[in-house]
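# sequence first, predicted coordinates after that:
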Amino acid sequence: MKRSGKGRFFRACGWSVAVVLLVLILFGIVRREELVRLYHVITLFESDVVVENFRGMDTIFFDTGTVHAGDDVWQLPRAEIDLPETYEYNGQTKSIDDFLEETWTTGMIVIVDDVVVYEEYFLGNDEASRHISWSVAKSFVSAMMGIAVDEGYIESIKDPVTKYVPFLIGSGYEGVRIKDILQMSSGVRFNEDYADFFSDINRMGRVIALNTSLADFIYTLENEREPGTYNHYVSMDTQVLGMVLMEATGKSLTELLEEYIWKPVGMEADAYWLVDGDGAELAFGGLNAVLRDYARFGLLYLHNGRRNDMQIVPGDWVTASVTPDAPHLMPGENPASDWVVGYGYQWWIPEKPEGDFMAIGIYNQFIYVNQDLGVVIAKNSAYADYDTDGEEKELESIAVFRAIAHALAEK
C-alpha cells in the first residue's frame, strides 16, 4: 500500500482492536480509562464524530503538552478577495466550493503577499478551534531539526541516529543516517496490512491506544533496504527524529517547539502536542493548533525561514528541505518511490514544481506554499472518505491550490 504509515495509526486498529477490547473486558486486566481509550480509538474516524474529534483531541483521551504562544504576535493584515470559482483536474472543470464541501473542509485560509485575502470556517469550527495536524506536524519537526543543527546540538545530518539515540542500537534504525530518515528513506520495513493482527501499523495503533511506549515499539522494527535508496513513507521515521531532538537537546518537543518556533514566529494561540505513555510527543502527527498559526508556519517558509529581519529557520535548511536531491525522491512516476509526489526533509514537492511545496496530513490537512507567486494556503479537514480515495483527493487538492494561487496572484 502506498505511503505506508502515513499517519493512519488509529484507523489501523480496526477489527483487531475490537478483539483485544473484548478480551481485556473479559479478563479485566486494564483500568476503565484504558477501555475508554480503546473505544475512542475504534470510533475516532466515524463520520458522525470525526469533525468534533479532530478539533477536540485533548478532550477525548490523550495526555498533552502545551506549547505557549508569546506576546509578539505576527499580525496578518486583511483584504478580502474572491476566490476563483473553478479549477481544472483530469480534463474536467470543477467547482472549488464543491471541492471544499466534498473534502469536509473545516477551515481554509489564503494569504497572498502576506495579506489574508480569504478565511472561512465550516462544520462548527472557528478561528479558535485547535485542529489536529496529523502528518503536517512532520514539517514542524523538520524545522526544529534544522535549528538544532544550526545551534550545534546535532553535529551533522550525516550522523547515524544511534549517535544520539543509542537506545536504537540493535533496531532497524541502527547506523541509519539522520538525513535518510528526514527523507523517508530509512530502509525500515513497515507493514500496513490492516487485516494482519500482527502488522506494524496495527501494533503501533495498540501501543498508542494503551498509552504505552512508542520508543519500545520502534525498537522492534527491522531494516529491509539499503538506506537512502527508496522513498518509503514510514511515520516512525519522524518519531525517531523526535527522539534525536529530545536526546540531543535535553528538552521535550513541546519545549523546543515553543522556544524555536511558536514564540519567535509570533503564533497567536497556544497549541498542544499529544504524548504517549512515556510522556514523549507523537512527533509524527500529534500537534494541534489554530488554522492561522498553521498559515504563519507556511509564511515562515515562504520567506525562507525569516520573520521580517529575524532568521528563525536557517535559509539553507529551508531550501534543502524542499529540494529533492536524489533520484528516489524526485516527483513523477518513480520506481524507487511509493508515490508520484516528491520528497525533501519532511516536505512534499508536487509534480512539475513551480516553486511550490506542501506539508500534508491525512484527512486532507495542508499547508501549501508557492514561493514564486507569494501564496500560502492552510486547510483543515475531516474528509470522512479518506480511506477510499484520500491520495487522489490530495493530488486534486494541489490542482485546487494552484488554481487559487495563480488566479489571486494575477489580481
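Perfect, I can see it now.

# wait, what's in contact with Trp348?
By C-beta atoms under 8 Å, 6 or more residues apart in numbering, the contact list for Trp348 reads Val341, Gly342, Phe357, Met358, Ala359, Ile360. All C-beta atoms are positioned from the backbone trio N, CA, C, and that covers glycine.

# check which element follows the helix or strand containing the third one along the chain.
This means Phe357. Using DSSP states H and E, Phe357 sits in strand 356-361. Downstream of strand 356-361, the next assigned helix or strand under DSSP H and E is strand 365-370.

# which element follows that following strand toward the C-terminus?
strand 375-381.

# name the helices or strands packed onto that following strand?
Applying 3 or more C-beta pairs under 8 Å, 6 or more residues apart in numbering; DSSP states H and E, one finds that strand 375-381 makes contact with strand 105-112, helix 291-302, strand 365-370, helix 386-409.

# neighbouring strands of it in the sheet, and parallel or not?
Next to strand 375-381 in the sheet, as set by DSSP bridges, lie strand 105-112 (antiparallel), strand 365-370 (antiparallel).

# deepest-packed of the ones you listed, please.
Highest mean neighbour count of the strands paired with strand 375-381: strand 365-370, a mean of 26 (counted as mean count of other C-beta atoms under 10 Å).

# residues contacting that strand, please?
Contacts for strand 365-370 (C-beta under 8 Å, 6+ apart): 131-136, 139, 294-295, 297-298, 301-302, 354-360, 375-381, 397-398, 401-402, 405, 409.

# could you pull up the residues touching the residue most central in space within the chain?
The chain has Ser135 as the residue nearest its centroid, 1.8 Å off, counting by C-alpha atoms, centre = their mean. Residues near Ser135 by C-beta under 8 Å, 6+ apart: Lys6, Gly7, Ser235, Thr238, Phe284, Gly285, Ala359, Ile360, Gly361, Ile362, Gln365.

# from Val400, how far out is it?
Look at Ser135 and Val400: by C-beta to C-beta, to the nearest Å, they are 19 Å apart.

# got it, and Asp316?
Distance of Asp316 to Val400, given as C-beta to C-beta: 31 Å.

# closest one to Lys179 among the strands paired with strand 375-381?
strand 365-370 (21.9 Å; C-beta to C-beta).

# roughly how far does the closest residue to Leu373 other than its chain neighbours sit from Ile111?
Leaving aside its sequence neighbours, Leu373 sits nearest to Ala409 (C-beta to C-beta, 6 or more residues apart in numbering; 4.1 Å). From Ala409 across to Ile111, the span is 11 Å (C-beta to C-beta).

# so what sits against both of those two?
In contact with both Ala409 and Ile111: Val375, using C-beta under 8 Å, 6+ apart.

# flag the shaky bits of this structure, pLDDT-wise.
For the chain, the stretches with pLDDT under 70 are 1-34, 61, 192-197.

# hang on, the earlier thing: count the residues that sit near the residue nearest to Leu373.
14 (other C-beta atoms under 10 Å).

# now swap in Asp72 and tell me
12.

# how about it, what does it touch?
Lys263, Gly266.

# ramachandran angles for it?
phi -90, psi 80 (degrees, to the nearest 10).

# same thing with the one 3 residues further on?
Gln75 has phi and psi values of phi -70, psi 140 when expressed as degrees, to the nearest 10.

# one step back: out of the contacts of Ser135, which are buried?
Lys6, Gly7, Ser235, Thr238, Phe284, Gly285, Ala359, Ile360, Gly361, Ile362, Gln365 (16 or more other C-beta atoms under 10 Å).

# before we move on, the earlier item: quick check: which helices or strands does the strand holding Phe357 pack against?
Taking 3+ C-beta pairs under 8 Å, 6+ apart as the contact cut, strand 356-361 packs with helix 137-150, helix 291-302, strand 348-349, strand 365-370, helix 386-409.

# hmm, 6 Å instead?
If contacts are counted by 3 or more C-beta pairs under 6 Å, 6 or more residues apart in numbering; DSSP states H and E, strand 356-361 sits against strand 348-349, strand 365-370.

# surely Pro324 is in contact with Trp347?
No - between Pro324 and Trp347 there is no contact under C-beta atoms under 6 Å: 9.7 Å.

# the helices in the stretch 51-200 of the chain, which residues?
For the stretch 51-200 of the chain, the helices defined by DSSP state H, counting those that start in this stretch cover 57-60, 96-102, 137-150, 178-182, 200-209.

# I'd like those as TSV, with distance to Asn191 appended.
Below are those laid out as TSV (distance: least, C-beta to C-beta, whole Å):
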stretch	distance to Asn191
helix 57-60	26
helix 96-102	31
helix 137-150	20
helix 178-182	19
helix 200-209	5
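
# which of the ones you listed sits closest to Glu258?
Of all those, helix 137-150 comes closest under C-beta to C-beta, at 10.6 Å.

# could you pull out the buried residues of the closest one?
For helix 137-150, by 16+ other C-beta under 10 Å, it's 137-149.

# quick check: the closest residue to Val50 other than its chain neighbours vs Gln311, distance?
Distances taken as C-beta to C-beta, 6+ apart place Ala382 nearest to Val50, at 4.6 Å, with adjacent residues excluded. In this view, Ala382 and Gln311 are 36 Å apart by C-beta to C-beta.

# and these two? Which one has more around it.
Legend: neighbour count by other C-beta under 10 Å for Ala382 and Gln311, higher for Ala382 (26 against 14).

# ok, that one touching Trp104?
Yes - using C-beta under 6 Å, Ala382 is in contact with Trp104, at 4.6 Å.

# for Tyr153, find the nearest of the helices and strands packed on strand 356-361.
So among these, strand 365-370 is nearest, using C-beta to C-beta, at 25.2 Å.

# dump the closest one to CSV, restricted to CA.
Extracted in CSV, the C-alpha atoms of strand 365-370 (Å, rounded to 0.1, in the frame of the first residue of the first chain):
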residue,chain,number,x,y,z
GLN,A,365,-4.8,18.7,6.1
PHE,A,366,-2.5,21.0,4.1
ILE,A,367,0.0,23.8,4.3
TYR,A,368,0.6,24.8,0.7
VAL,A,369,3.4,27.3,-0.1
ASN,A,370,4.1,28.8,-3.5
